[in-house]
Each structure stands twice: as structure tokens, then as C-alpha cells.
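S.K.: Mind looking at a prediction? Sequence and model below.
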Amino acid sequence: MSGWCYFVCPVEFNNGSRWTASCQSFSSCRTTTCTPSRSPSLDGVDSNLSGEFTAEELSEAMSKLKPGKSPGRDNIHPEFVIHQSTTTSGWLCDFYTSFYQRLHLPKTWRRASVIALPKPNKSAEDPKSYRPISLLCVPFKILERMIHSRIEPVVDSQLPREQAGFRRGRSTADQVTLLCQDIKDSFQDNEKAGVVYLDLTAAYDTVWLRGLHLKLLRTIPDRHMVKFIMETLSNRSFILQTSSGQCSRLRRLKNGVPQGSVLSPMLFNVYIHDLPDTASRKYGYADDLAIMLSRPTWKAMEEGLNEDMGTLVAYLRRWRLQLSVGKTVAAAYHLSTREARRELEVRVDNKCLEVQQAPKYLGVRLDRTLSFKKHLEEVKAKVTSRVALIRLAGTTWGASAKTLRISTQALVFSIAEYCAPVWSSSPHARKDFANTIPGHGGIMDRFDCQYLMATFVNVYIASFIR
């Protein structure tokens, strides 16, 4: 019996009993991955983690499904699950609980459709220039979300503070702000700061599953939960889909966590949560890592960074992660104009790392003095082009003010306001850039409300409030 047969259209099965019968018939069928039904051993089991799934957990997981998302290999769309009858929640909980207790997953859930998204400014002919995104089965995503909700408090309490990736109440702006503040503190102490931005090659795809299993056992106090998580990562396979609809042959995976999975970011955080202690301060957002060290002299700073990089490289190799030396860059931050062209000398495997004057970290360019001039110039260019694009929609005033406002918020505000607390104090943000950014009396505020440029500020602000 195929892996999608347990979800039946409510028109055909309009009552819970017939639907439950269909579910039970599927659950009792034998597959190559099925283990005998048994209760987990009481040794190493946390009742809060290994209990049966409840209707509240199921409802919360289903509420996070987003309509319009692509289905997995089973062709079950999110809308099909979202609009299920409330009377089915009971047997759905039993359905997922049976899989969890028996450490069993349908074959269809282990197969992913992978879509390769091109990376910006990369060669289209190089396979490494694409980011693979796994389209997983929607029913499997629901199960992942329930597992995620259970283990999140346990895992989050054991992650280091310098790791902010995909954690509740944390964001990329936190890490950029923290790094910039530490650099400014070095300015106050009349020191020079050196930063190395590490780039990991295919970080999610190279996670060593045996190593992850060991770290999960050290982190989660429930062996059955750990076994089930590892079961979701084993015997995985994928089919690559192109934009033209062509598909590759089925390929199997021995390591890595799927990109697009709900659990993958948390599992990767667990995998690197024990980074070794270094003299440099670490800043992490999932696989985006940076280290910063400030010292009074160039020599002391370079020696410290080289020592810390040696420690981190040894750790990465031990756990089978690959550092991309060609993409890992270093940068120096100081206020000395005479030494503006002085470059850091940080080596990995006797290769000197590339030095950039304004490297990008989590989407923000950080120049030597933290003036953010280059970053704001890039943002202004993006905003200007998108403003011009949106203005074309209103040349004949065919779009309503509400539609234009929503478009502006989605296309312009998201770029213009990203990490604004970091660069808002820059003098370059208060020059001609302010007239381009929405919310600062710029042209887009008047345009969204279909007002002329001569309209008084208080008029279109009142329109926004309404």
C-alpha cells in the first residue's frame, strides 16, 4: 500500500470511523522499515518527551502549515490537511503516535523532491552554484513540528549564547548588533579588531549522522526520542527536479540533514553546539560563523586569530565538516587612517585567507570604521529599483492604494528596514538615502496613498494610520 493512502478525501470518508478504519489498515501493513509494535523501554525515557501526541500538539503543528506551499512526493498539498474535519484529530494523534512508538516511517516520507535554487552572482554551469531545497511530504512536516515543539525547550537550554540561529526570540539583527558593538568597544579601548568570517561547504549536507547521534544522546534525556529522530534521517533518498519538469534517478543519502526540514536547523545547532573555547569571541547563526579578537597590536591580534583558527579547523575536521578556505575571509576594523591598507595575515593550512575591506555578514556589509557607507549604497540601489518597479503599477492608477501599500511593504520595506538598528546611527543614513527609504517622508509614502509629491506630510501619514 502506498504511503499516501492514509489521507482520504472527506467527501468519500465523511465520518471518523471509516477514516479510522483506513488509517488502521495502513498502519498494520508490513513494510521493509517497520519494526514490531512494542512500547519503548523505561530506561532513559522522559515521559514528557515520549508520551502520546495530543490534540493540542497536532492543532499547533497544523496551524503552522502555510497554504500555497509545494507538496512532497505524495502530492498532498497543505490545504488538504488544513481543511480537515476537527473530528479526525483523535485518530490522527493515534496515527502519529503509532509511528513514533514503533520507530516506523513510511517510505514515501523518506523521499524528497529536491529543487536547486541558483545562488546570486554564481556561474549557472557550476553545480556548486545552486542551493538544494528539499520538498518533504506535508504529513511528515506535521510530525516534525510536533517533535520540534517537544524537544525545543530541552535543546535550547543547552545551546551556547553565541548561537542565535533559528532560536525563539533571536534574530540575525542580534548577532550583527553584538558584533558591531564589540568592534566599537575595541575602538573605545584604542585597540584593533580582527574578524574572520567562516564559510562551511555544504554544512547541512555534510553532517555526520553518527556524530549527530552521539551529540543528541548527550543533549536529549530520552533515548527513544533520539532513536526516532535518527530514524527520520536514515534511509533517505531524493529526486532532483529541474525547472523544465525533468527528474533525475533516485539517489540515496548516507549523511546530512535535509534543507527544508523543520528539524534540520535545530539538529545542526546541536551538532556544533560544543565548539571549542577560543580567545576570540564567536558569533553564530546556524552555519554562518564569525570570530572576533581585539588586541593593541597587529602582531598580537594575528597570532591570536591564527591560533583560534587552528583550534576551530581541528574541531571541524574531527566532526567531518568542511571549511571552504577560498570563501572564508578576514577583515580588520580600526580608526587609524595611516594603516587603512594594512591587511590581516591569517592562515589556514599554510594558505593566507582573503582579506576584504567590507565583507558581508548576515546580509550587512561591515566596513573598516563601521560607517556602513557601502552597505547603504547597495540598499539604496535595491530600493530604488524596486520603487521604480512598483511605480509602473500605478502609472494609470489601476492598482488600489491597499494593493500598492502591501506590495511596498513586501518588496521595499523588507530590504530598507533590515538590521536598521545597526546602521540607523550612521551619518550616511541621514543624507539623500532618507528620501528613498519608506517611512522617512520618501516618495513611496505619497505614492502608496496616490498623493502628489507636494502633499503635506501629515495628510498621507493620517492615511497610513487609517
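M.R.: Structure's in. What do you need? Numbering: from 1, shown residues only.
S.K.: per-residue pLDDT, Asn458?
M.R.: Listed pLDDT for Asn458 reads 50.
S.K.: and what of Tyr96?
M.R.: On the pLDDT scale, Tyr96 is placed at 94.
S.K.: which SS class is it?
M.R.: Secondary structure, DSSP: H, G, I helix; E, B strand; the rest coil: Tyr96 is helix.
S.K.: Name the nearest residue to it, sequence neighbours excluded.
M.R.: Using CB to CB, 6 or more residues apart in numbering and skipping residues adjacent in sequence, the residue nearest Tyr96 is Phe53, 5.0 Å away. Bear in mind the C-beta positions are built from the backbone N, C-alpha and C, glycine included.
S.K.: Now the one you found, what are its backbone angles?
M.R.: Backbone geometry at Phe53, expressed as degrees, to the nearest 10, gives phi -70, psi 140.
S.K.: Mind listing what's buried along stretch 247-264?
M.R.: Within stretch 247-264, the residues that count as buried by 16 or more other CB atoms under 10 Å are 253, 256-264.
S.K.: Relative to Ala112, which of those residues is nearest.
M.R.: Within the buried residues of stretch 247-264, the smallest distance to Ala112 is 5.8 Å, found for Pro258 (CB to CB).
S.K.: Show me what counts as buried in the host helix or strand of Lys380.
M.R.: Assessed by DSSP states H and E, Lys380 sits inside helix 373-392. Of all the residues in helix 373-392, those buried under the rule 16+ other CB under 10 Å are 373, 375-376, 379-380, 383, 386-387, 390.
S.K.: try stretch 353-366
M.R.: Buried-residue list, stretch 353-366, by 16+ other CB under 10 Å: 353-354, 356, 358-359, 361-362, 364-366.
S.K.: CSV for these, including distance to Ser63?
M.R.: Output for the buried residues of stretch 353-366, formatted as CSV (distance: CB to CB, whole Å):
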residue, distance to Ser63
Leu353, 46
Glu354, 45
Gln356, 43
Ala358, 42
Pro359, 39
Tyr361, 34
Leu362, 29
Val364, 33
Arg365, 38
Leu366, 38
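S.K.: if you look at those, which of them are in strands?
M.R.: Among the buried residues of stretch 353-366, the members falling in strands (DSSP state E) are 354, 361, 364-365.
S.K.: Do a quick rundown of the helices in the stretch 251-400 of the chain.
M.R.: Using DSSP state H, counting those that start in this stretch, the helices of the stretch 251-400 of the chain run over residues 264-271, 298-318, 373-392.
S.K.: TSV for those helices, including mean pLDDT and distance to Ala116?
M.R.: Output for these, formatted as TSV (pLDDT from 0 to 100; distance: least, CB to CB, whole Å):
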stretch	mean pLDDT	distance to Ala116
helix 264-271	96	17
helix 298-318	97	25
helix 373-392	86	24
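S.K.: Tell me which of these sits nearest to Ala124.
M.R.: helix 373-392 (21.6 Å).
S.K.: starting at the chain centroid, how far to the closest one?
M.R.: 25 Å (CA atoms, centre = their mean, to the nearest Å).
S.K.: same for it, what does it pack against?
M.R.: Here helix 373-392 touches strand 364-365, helix 401-408, helix 414-416, helix 443-448, going by 3 or more CB pairs under 8 Å, 6 or more residues apart in numbering; DSSP states H and E.
S.K.: among those, which gets the worst mean confidence?
M.R.: With a mean of 49, helix 443-448 has the lowest mean pLDDT of the helices and strands packed on helix 373-392.
S.K.: rewinding a little: widest-spaced pair of the buried residues of stretch 353-366?
M.R.: Among the buried residues of stretch 353-366, Leu353 and Val364 lie farthest apart (CB to CB), at 20.1 Å.
S.K.: rewinding a little: surely the residue nearest to Tyr96 is in contact with Thr97?
M.R.: Yes. Phe53 is in contact with Thr97 according to CB atoms under 8 Å; the separation is 5.0 Å.
S.K.: Between the two, which is the more surrounded one?
M.R.: Phe53 (23 against 15; other CB atoms under 10 Å).
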